[in-house]
Structure formats: C-alpha cells, structure tokens
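# here is the input, now give the coordinates:
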Amino acid sequence: MTEDMRIVMIGQAAFGESVLNTLVEHDENIVGVFCSPDKEGRPLDPIKTAARTHDIPVFQFKRMRNKEAIDAFKALNADLCVMAFVTDIVPDAILEAPTHGSIQYHPSLLPKHRGPSSINWPIIQGETKTGLSIFWPDKGLDTGPILLQKETEITADDTLGSVYFDRLFPMGVEAMAEAVKMVKEGTAPKIVQDESESTYEGWCQAEDVVVDWNKSVDEIYNLIRGSEPVPGAGSTYNGSKIQFYNVQKQSGDTGREPGTVFEVSDKGFLVAAAGGAILVGRVQPEGARKIMAPDWIASVNLKPGDKFGR
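The predicted structure is shown next:
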C-alpha cells in the first residue's frame, strides 16, 4: 500500500487534537480535518487549531449529513477516514467514500456499552474492567466490525475522570495510530461483533444520577464516581440540589437512617446508606461552583442528624 495514504479526520476537542498531532508525528498524510462550526464567544476547537498549525485544510459543517459536507469530503479523494471523538451522525456516503473505508474510536469494549456515555456506565454498574475499541463504523450505532481493542482495569478508587484521562485517552490516541498503521500495511482485521453480548445505554444525564440513599453503599459509591466529573451525581439538601465529588466508601452498618449525616470533620461529612456510609470531600451546591466539603459545612452549618434527599 502506498506510503502517502490520504487520510481525512473527523473529530473534536482535546482527543481529536491529540490523535491529529500523533498522526502528523508519524508522518501520515492528513489531507483534511472536519470539525463542528465555531461557537461565538468560545475558543476554537483544539483540533481546528492543531490543523491550522500543520497547514491542514479545515472543513466545518453543522451537519455531516448535509450535501455540502458530503461533497467536500468526497472531493478530498481519501483513502481512509479517521473518526476521533465524533458526536454527529456521519452518513454512509462519507463512511464508504474512502478507498479503505472509515475507522472510529469508541471508549468501551464493544459490543458492550454501545452509546454516547460508554465510560460512565461500566463504572456505575460496578464493573472492574473496561477498554477501548477501534472499529469500522456501519449503519448501526457502534455496531461495525472491530479492528482492535485494548483493555484497562477499573479500580475501586477510579472515577470517570481518572479512567478516561489517565488511561482511555492516551491509550486511545496510541490505538488510533496503531490502527492507521495496520490499515496502511493491509493487516487490519474486521471482526464481527457478537450481538449476543451487546448492551446499549443512552446519555448519562443528571436525572440518571440522583442518589437514592436507600440503595446499597456500593451502588451509591459507584454512581457518584461513575459520574465524576460529569454529569455529577447528587441529592438535595433543604430543597436545593447538590452534587458530590471526591467521595470515599465506608462499609459496615451505621445503624442510622439512610441519607442522614452522622459525622462532620475537616475531611468532609459522612452520610449513612444501606450497609455503610459515603464520605463526601467536595460538593457543588446548586447554582454555585465546586467547593471543598468543610467550607460548605461551615457555610450551611451542617451537623449530625441533618438529612439529604428532602
């Protein structure tokens, strides 16, 4: 296969930027970058800034399904399309246009956890392993054949943030570069996903991560860390919403009603749950910025016996 395989990237944000920079470092021939339109009052997307730095043409369309976007893509005569953090629907006319098709990054071990919040849900569901997939997208949602996969542990202390930024992000950048190399060398497989193993979850949103203090301490702990930093799990206090961060789990029956504060300290506050307690180290009150729990404790005069969830 030719060494100057023509690659077009579709992507966004820091992950797309890092994949682009890495492919450029590997002397790949990037002939165009597609990203979302600029937003007034917001910084340029990092992938656009990186493309400009490398003198790579940038194309910005509100929807990749638009005829103008499809025509612009086809005009680049791509050999491969590389999709790095894509949230728009990319039509078949683009996916199938390159000589060797398109490849896409997905942060789960497909066919498990298809969908847009595939890092949150494994943590929330108490799984101890996740990973990433580079796959060949097709008409379905995250259903195309697998090119390669990488696994990583979910430790008892991991959050969404640590799993993504510490592992799935850097592993994903390297995996994308590895996948491009395999396509170039003609060694990239297309392994059909096992539909009997498939799962799908939608966006993990604020309403999905409201703490039910009657659930087990393990479930609550997983819910909070699986949504840190976004969308942020929480409860209510005196009728106002509050989100919890930097939490720890303590096992053992407290003998107190779930949702009840039974200890405050310079580390935070302990809230009773079924089979244990949650120590909260940082909070975000409704309409305010995140603050350390002791500062919030002082601001509302939180004391043992106070309750969340009401």
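# which stretches of this protein have low pLDDT?
Scanning the chain for pLDDT under 70 picks out the ranges 1-3, 310.
# pull the longest strand from it.
strand 240-251 (DSSP state E).
# tell me where the stretch 1-150 of the chain has strands.
Ranges of strands in the stretch 1-150 of the chain, per DSSP state E, counting those that start in this stretch, are 6-11, 29-35, 58-60, 80-84, 102-106, 129-135, 146-153.
# export these as TSV, with columns for distance to Gln248 and mean neighbour count.
Every C-beta, even on glycine, is put in place using the N, C-alpha and C of the backbone. Shown next, in TSV, are the strands of the stretch 1-150 of the chain (distance: least, Cβ to Cβ, whole Å; neighbours: other Cβ atoms under 10 Å):
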stretch	distance to Gln248	mean neighbour count
strand 6-11	36	26
strand 29-35	39	22
strand 58-60	44	17
strand 80-84	34	25
strand 102-106	31	24
strand 129-135	21	23
strand 146-153	19	16
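# quick one: which of these is nearest Trp213?
strand 129-135 (27.0 Å; Cβ to Cβ).
# so which elements touch that closest one?
Strand 129-135 makes packing contacts with strand 102-106, helix 120-124, strand 146-153, helix 169-185 when contacts are defined by 3 or more Cβ pairs under 8 Å, 6 or more residues apart in numbering; DSSP states H and E.
# returning to what we had before: got the strands of the stretch 1-150 of the chain as JSON lines, with distance to Pro46 columns?
Shown next, in JSON lines, are the strands of the stretch 1-150 of the chain (distance: least, Cβ to Cβ, whole Å):
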{"stretch": "strand 6-11", "distance to Pro46": "10"}
{"stretch": "strand 29-35", "distance to Pro46": "9"}
{"stretch": "strand 58-60", "distance to Pro46": "12"}
{"stretch": "strand 80-84", "distance to Pro46": "11"}
{"stretch": "strand 102-106", "distance to Pro46": "16"}
{"stretch": "strand 129-135", "distance to Pro46": "20"}
{"stretch": "strand 146-153", "distance to Pro46": "23"}
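# figure out which of those is closest to Asn120.
strand 129-135 (10.4 Å).
# after the longest strand of the chain comes which helix or strand?
strand 261-265 (DSSP states H and E).
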